[in-house]
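[1] I would like to see how this sequence folds:
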Amino acid sequence: MKLKKVLAAILAATMIMGMSVTTFAEGQTADITIDGLSDDESAEISYLQVVEPDRTSELGWRFVDESDEEPQGTITSTFMEKFGVETPDEAIQALLDAVEQTNGEADPNKNIEAGDIHTNSQLNSALSSLVNLATNTTGVDNEYDTITGLESAGLYLIRVTTEDGSGYSYIPMLAYVQDEGLGSLVDVSATAKGSHNIIDKNLDPDMPGNESVSAEDEVGYVATVTYPYYSEENPEKPFVVTDTLTNGTFKADSLNVYVGDPLTEVPAQYYSVNAYANTNQLVIDFSTSADNGTNYYNSEYAGQTITIKYTAIVGEGEGDLENKIETNLDTTGDTVKSDKISVKVIKTEEDNADELLPGATFKIYEAVTEATEGYETVSDVKVQPKEGALQENQTLYLKEVDTKTTSSIDDETYGTLTFVGLDADKTYYIKETEAPEGYSLNDIYYAVGTTTKNDASSTDDVFVYNDFGDLTVEDTNLSSLPLPSTGGMGTTIFTIGGCAIMIAAAGLYFASRRKQENK
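    Here you go, the predicted model:
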């Protein structure tokens, strides 16, 4: 009866830790299948047997490194220390007593979804202390997530490790391989308990204004991450989310933190947050209680999705808004970049598109559709719409926004200029106000203002609102213009008359001289 009670108790322990018997196969060896690793191709399995059968003991079991002499092996001494007992048999009995504490639960597996790591903190502490010894890979098939060919019944500590940056972390598992008698071992499966530590961020689809990125715009973000599993052995259980803005600041009182689906607000005392208002960094520390600043860990949240919502305000200047979020478990993090709306003006010669022209000054105007205070009425002008033919004799209502001059030959952007920080919800016109030396002034108002959203091909989400398009403005070279004849006869009549007088004078001179020679 005592042996049956022991077996039942250990089987209960495996249920607590998320494991269930799936297949019974007679034979001299047993397999352990690890479930829950299919989404993590980098997972590597290793194991350590910690308890084995002992037919010479009344308890029926012994630690695999028990000794008749002191000191005991690491496994035995660890369980003795964690359970606070003085002999190996007392440690085995304490292990059995620990799992018997859960026998009254209606559903021993409910703690999996609830996020509890282990019911007994001493048992969990022992496993965490021994996990680094779980290095045996004999019979491990990582492709099929199995350990095959185990020849002994007992308890096995299973460790799952992943590559750095994989985004997963797992707590130690304990699997019980049962001997049904005469060496007939039972195959079992163990469910890996771990969390996906990759944090993901996107623009908030429910917040208006996200598609217009310009100075002082408010942009909403939504970040999601899994609340990590931590063993009770770890006294600190760090879980910190850090968000850093470039060319932006966080809006005061805009932070909201939720858990699960549907979203349930996380009480503010369950985390601490820095004074983020009007700064470029937001730090949320889920491992520190806001009530008293002490270490905090809510095991009920383990494995559940944490959703974080907040708002950023776009800064002044030409720099784009960039937002990087990371955690202590995912230092690569995720980045969302929002380019400010811009339009590039390319100044060229009319008959030579390759001839870029520096020194041309342009103004950009914000336009409305009717006479409005603060907007100048401009009548009888030529307008070139974004699409379609040139329109003449138009009336516009304009307010000057910015003035720039195309760059010099020494600049990388030679012959061009860019207006940045426009508003996607508005219409603008661009007009040349001063031509380069030796060129005519272009008298057309060019309309800009059509936007689309483009997703970049990189791993990060990049939202670009620059489909105002490049604008090419041509000027005519004055030297290529034909010079018209001006005035009436002018000096021509005097030239002809002068020549006639000179000819007549010459004729009189020679005639007079001939007469003198004839006398």
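[2] Domain map for this structure?
    Domain assignment for the chain, taken from automatic domain parsing, gives 2-194, 200-337, 341-480.
[3] does the closest residue to Ala153 other than its chain neighbours have beta-bridge partners, and which?
    Spatially, and ignoring its direct neighbours in sequence, Ala153 is nearest to Asp179 (3.7 Å; Cβ to Cβ, 6 or more residues apart in numbering). C-betas here are computed from N, CA, C, even on glycine. Partner residues in beta bridges with Asp179, using DSSP bridges, are Leu185.
[4] who's in contact with Asp179?
    Residues in contact with Asp179 (Cβ atoms under 8 Å, 6 or more residues apart in numbering) are Pro53, Ala153, Leu185, Val186.
[5] and with 7 Å instead?
    Going by Cβ atoms under 7 Å, 6 or more residues apart in numbering, Asp179 touches Pro53, Ala153, Leu185.
[6] Could you count how many residues lie near the residue found closest to the first one once you drop the neighbours it is linked to in the chain?
    Counting by Cβ to Cβ, 6+ apart, Pro53 lies nearest to Ala153, which is 5.5 Å off, once chain neighbours are set aside. Around Ala153 there are 23 other residues, counting by other Cβ atoms under 10 Å.
[7] how close does Ala153 get to Glu474?
    Counting by Cβ to Cβ, to the nearest Å, the gap from Ala153 to Glu474 is 88 Å.
[8] Also Ile92?
    91 Å.
[9] can you check Pro228 too?
    Between Pro228 and Glu474 the distance is 61 Å, computed by Cβ to Cβ.
[10] Please compare those two by neighbour count and tell me which comes out ahead.
    Each of Pro228 and Glu474 has its neighbours counted (other Cβ under 10 Å); Pro228 has more, 24 against 19.
[11] so that one makes contact with Asn197?
    Yes: taking contacts as Cβ atoms under 7 Å, Pro228 lies within contact range of Asn197: 6.3 Å.
[12] Show me whatever sits in contact with both of the two.
    Ser169, Leu329.
[13] So for the residue nearest to Pro53, what pLDDT did the model give?
    Per-residue pLDDT puts Ala153 at 90.
[14] Can you verify my assumption that it contacts Leu185?
    Yes: between Ala153 and Leu185 a contact is recorded at 6.0 Å, counting by Cβ under 7 Å.
[15] and for these two, which residues touch both?
    Common contact partners of Ala153 and Leu185 (Cβ under 7 Å, 6+ apart): Val177, Gln178, Asp179.
[16] Can you tell me which of those is closest to Leu245?
    Val177 (53.0 Å; Cβ to Cβ).
[17] ok, how many other residues are close to the closest one?
    23.
[18] ok, now Thr418?
    Thr418 has 15 nearby residues by other Cβ under 10 Å.
[19] Please apply the same query to Asp187.
    As a burial measure, Asp187 scores 20 neighbours (other Cβ under 10 Å).
[20] That one and Asp31 touch, don't they?
    Yes: look at Asp187 against Asp31 with Cβ under 7 Å: they come within range, at 4.7 Å.
[21] Distance of Asp261 relative to Ile198?
    Taking Cβ to Cβ, one finds Asp261 at 18 Å from Ile198.
[22] same thing with Leu263?
    Separation of Leu263 from Ile198 (Cβ to Cβ) stands at 20 Å.
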